[in-house]
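K.L.:
Okay, here's the prediction I keep looking at, along with the sequence it came from:
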Amino acid sequence: MKILVIHGPNLNLLGSRETAVYGDETLEAIDEQCSALAKELGVSIEIRQSNSEGEIVDLIQGAGHDAKGIVINPGAYTHYSYAIRDALAAVKLPAVEVHLSNIYSREEFRHISVIAPVAAGQISGFGADSYLLGLRAVVGLIRNA
(Lines give C-alpha, C1' and ligand atoms only; values in the text may rest on other atoms or scores of the structure.)
Protein backbone atom coordinates (compact mmCIF):
# COMPACT_ATOMS: atom_id res chain seq x y z
CA MET A 1 0.00 0.00 0.00
CA LYS A 2 1.40 3.38 -1.04
CA ILE A 3 0.57 6.70 0.63
CA LEU A 4 1.42 10.07 -0.90
CA VAL A 5 2.59 12.75 1.55
CA ILE A 6 2.43 16.27 0.13
CA HIS A 7 4.06 19.31 1.72
CA GLY A 8 2.79 22.62 0.35
CA PRO A 9 4.36 26.04 -0.06
CA ASN A 10 7.09 27.34 2.22
CA LEU A 11 7.36 24.10 4.15
CA ASN A 12 10.80 23.63 2.62
CA LEU A 13 11.83 26.48 4.95
CA LEU A 14 10.93 24.62 8.15
CA GLY A 15 13.57 24.87 10.82
CA SER A 16 14.28 28.50 10.04
CA ARG A 17 10.83 29.87 9.16
CA GLU A 18 8.84 31.46 12.00
CA THR A 19 10.09 28.95 14.56
CA ALA A 20 7.78 30.38 17.23
CA VAL A 21 4.85 29.15 15.09
CA TYR A 22 6.26 26.11 13.26
CA GLY A 23 9.02 24.92 15.58
CA ASP A 24 12.63 24.25 14.72
CA GLU A 25 12.26 20.82 13.12
CA THR A 26 13.31 20.69 9.49
CA LEU A 27 11.25 19.22 6.70
CA GLU A 28 13.89 16.53 6.31
CA ALA A 29 13.42 15.52 9.96
CA ILE A 30 9.65 15.31 9.47
CA ASP A 31 10.16 13.22 6.33
CA GLU A 32 12.44 10.84 8.25
CA GLN A 33 9.80 10.43 10.97
CA CYS A 34 7.11 9.76 8.35
CA SER A 35 9.32 7.20 6.59
CA ALA A 36 10.05 5.40 9.87
CA LEU A 37 6.36 5.28 10.76
CA ALA A 38 5.44 4.04 7.28
CA LYS A 39 7.89 1.17 7.70
CA GLU A 40 6.41 0.38 11.12
CA LEU A 41 2.90 0.38 9.60
CA GLY A 42 3.99 -1.78 6.68
CA VAL A 43 3.23 0.78 3.98
CA SER A 44 5.31 2.66 1.45
CA ILE A 45 5.24 6.41 1.11
CA GLU A 46 6.16 8.92 -1.52
CA ILE A 47 6.99 12.33 -0.05
CA ARG A 48 6.88 15.46 -2.17
CA GLN A 49 7.10 19.20 -1.48
CA SER A 50 6.08 21.96 -3.86
CA ASN A 51 5.56 25.68 -3.72
CA SER A 52 3.50 25.47 -6.92
CA GLU A 53 -0.26 25.01 -6.84
CA GLY A 54 -0.29 23.39 -10.29
CA GLU A 55 2.39 20.89 -9.33
CA ILE A 56 0.42 19.91 -6.24
CA VAL A 57 -2.66 19.36 -8.41
CA ASP A 58 -0.56 17.16 -10.73
CA LEU A 59 0.74 15.15 -7.76
CA ILE A 60 -2.79 14.54 -6.50
CA GLN A 61 -4.07 13.54 -9.92
CA GLY A 62 -1.10 11.18 -10.38
CA ALA A 63 -1.75 9.62 -6.98
CA GLY A 64 -5.02 8.24 -8.30
CA HIS A 65 -3.04 5.73 -10.36
CA ASP A 66 -0.91 4.06 -7.69
CA ALA A 67 -1.50 5.48 -4.20
CA LYS A 68 -4.22 4.38 -1.82
CA GLY A 69 -4.35 7.58 0.24
CA ILE A 70 -2.96 11.08 0.71
CA VAL A 71 -1.63 13.06 3.66
CA ILE A 72 -1.48 16.71 2.68
CA ASN A 73 -0.34 19.92 4.30
CA PRO A 74 -1.54 22.44 1.72
CA GLY A 75 0.06 25.34 3.60
CA ALA A 76 -1.46 28.67 2.63
CA TYR A 77 -3.34 26.97 -0.23
CA THR A 78 -5.59 25.53 2.48
CA HIS A 79 -7.54 28.74 2.59
CA TYR A 80 -8.23 29.41 -1.08
CA SER A 81 -7.12 26.71 -3.54
CA TYR A 82 -10.22 25.36 -5.17
CA ALA A 83 -7.93 23.66 -7.69
CA ILE A 84 -6.33 21.50 -4.97
CA ARG A 85 -9.73 20.91 -3.40
CA ASP A 86 -11.20 19.79 -6.74
CA ALA A 87 -8.23 17.50 -7.45
CA LEU A 88 -8.70 15.77 -4.09
CA ALA A 89 -12.41 15.35 -4.78
CA ALA A 90 -11.72 13.99 -8.27
CA VAL A 91 -9.27 11.23 -7.29
CA LYS A 92 -11.60 9.91 -4.59
CA LEU A 93 -8.75 8.72 -2.37
CA PRO A 94 -8.97 9.08 1.39
CA ALA A 95 -7.05 12.23 2.29
CA VAL A 96 -6.09 13.67 5.66
CA GLU A 97 -5.30 17.38 5.88
CA VAL A 98 -2.55 18.19 8.35
CA HIS A 99 -1.05 21.38 9.77
CA LEU A 100 1.86 21.90 12.12
CA SER A 101 0.21 24.85 13.86
CA ASN A 102 -3.34 25.14 15.14
CA ILE A 103 -4.84 27.11 12.26
CA TYR A 104 -7.84 28.03 14.41
CA SER A 105 -5.74 29.86 16.98
CA ARG A 106 -4.04 32.03 14.37
CA GLU A 107 -5.16 34.84 12.07
CA GLU A 108 -8.83 34.75 11.16
CA PHE A 109 -8.21 34.09 7.46
CA ARG A 110 -6.53 30.81 8.46
CA HIS A 111 -9.71 29.54 10.15
CA ILE A 112 -11.25 28.59 6.80
CA SER A 113 -10.15 25.48 4.93
CA VAL A 114 -11.55 24.85 1.46
CA ILE A 115 -9.79 21.46 1.64
CA ALA A 116 -11.56 20.15 4.77
CA PRO A 117 -14.90 19.36 3.08
CA VAL A 118 -13.23 16.86 0.73
CA ALA A 119 -10.78 15.42 3.27
CA ALA A 120 -11.61 12.48 5.50
CA GLY A 121 -10.34 14.55 8.42
CA GLN A 122 -8.07 17.33 9.57
CA ILE A 123 -5.29 17.31 12.17
CA SER A 124 -3.69 20.56 13.28
CA GLY A 125 -1.63 21.98 16.07
CA PHE A 126 0.62 19.04 16.97
CA GLY A 127 3.77 20.06 15.13
CA ALA A 128 5.47 17.19 13.33
CA ASP A 129 3.15 14.77 15.13
CA SER A 130 0.31 16.12 12.97
CA TYR A 131 1.90 14.30 10.03
CA LEU A 132 2.35 11.09 12.03
CA LEU A 133 -1.23 11.20 13.26
CA GLY A 134 -2.38 11.90 9.71
CA LEU A 135 -0.41 8.96 8.34
CA ARG A 136 -1.85 6.63 10.99
CA ALA A 137 -5.34 7.95 10.23
CA VAL A 138 -5.19 7.47 6.46
CA VAL A 139 -3.72 3.97 6.81
CA GLY A 140 -6.51 3.11 9.26
CA LEU A 141 -9.14 4.44 6.87
CA ILE A 142 -7.81 2.32 4.04
CA ARG A 143 -7.46 -0.85 6.11
CA ASN A 144 -10.92 -0.45 7.61
CA ALA A 145 -12.66 0.31 4.31
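P.N.:
That came through, no problem.

K.L.:
need the helices for this structure, in chain order.
P.N.:
Listed in chain order, the helices of the chain (DSSP state H) span 19-22, 27-41, 53-66, 82-91, 129-143.

K.L.:
ok, and the closest non-adjacent residue to Ile112?
P.N.:
His79 (5.6 Å; CB to CB, 6 or more residues apart in numbering). Any C-beta I mention is one placed from the backbone N, CA and C, and that applies to glycine too.

K.L.:
again with Ile72
P.N.:
Ile6 (4.4 Å).

K.L.:
How about that neighbour: which residues does it bridge to?
P.N.:
Taking DSSP bridges as the rule, Ile6 bridges to Arg48, Ile72.

K.L.:
re earlier: may I see the helices of the chain organised as CSV, with mean pLDDT added?
P.N.:
Compiled in CSV, those are given as follows (pLDDT from 0 to 100):
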stretch, mean pLDDT
helix 19-22, 68
helix 27-41, 98
helix 53-66, 96
helix 82-91, 98
helix 129-143, 98
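
K.L.:
tell me the most buried of these?
P.N.:
Comparing the helices of the chain by mean neighbour count (mean count of other CB atoms under 10 Å), helix 129-143 ranks first with a mean of 20.

K.L.:
which outside residues touch it?
P.N.:
By CB atoms under 8 Å, 6 or more residues apart in numbering, the residues outside helix 129-143 that reach it are 1, 3, 5, 30, 33-34, 37-38, 41, 43, 45, 68-71, 73, 94-100, 120-121, 123-124, 126.

K.L.:
Narrow those to those that are buried.
P.N.:
Buried residues within the contacts of helix 129-143, defined by neighbour count using 16 or more other CB atoms under 10 Å: 3, 5, 30, 33-34, 37-38, 41, 43, 45, 68-71, 73, 94-100, 120, 123-124, 126.

K.L.:
what's the distance between Val43 and Ala36?
P.N.:
Here the criterion is CB to CB, to the nearest Å. By it, Val43 lies 12 Å from Ala36.

K.L.:
Run through the residues that contact the residue nearest in space to the middle of the chain.
P.N.:
Nearest residue to the geometric centre of the chain (CA atoms, centre = their mean): Ile72, 1.7 Å. Going by CB under 8 Å, 6+ apart, Ile72 touches 5-6, 8, 60, 84, 88, 95-98, 115, 119.
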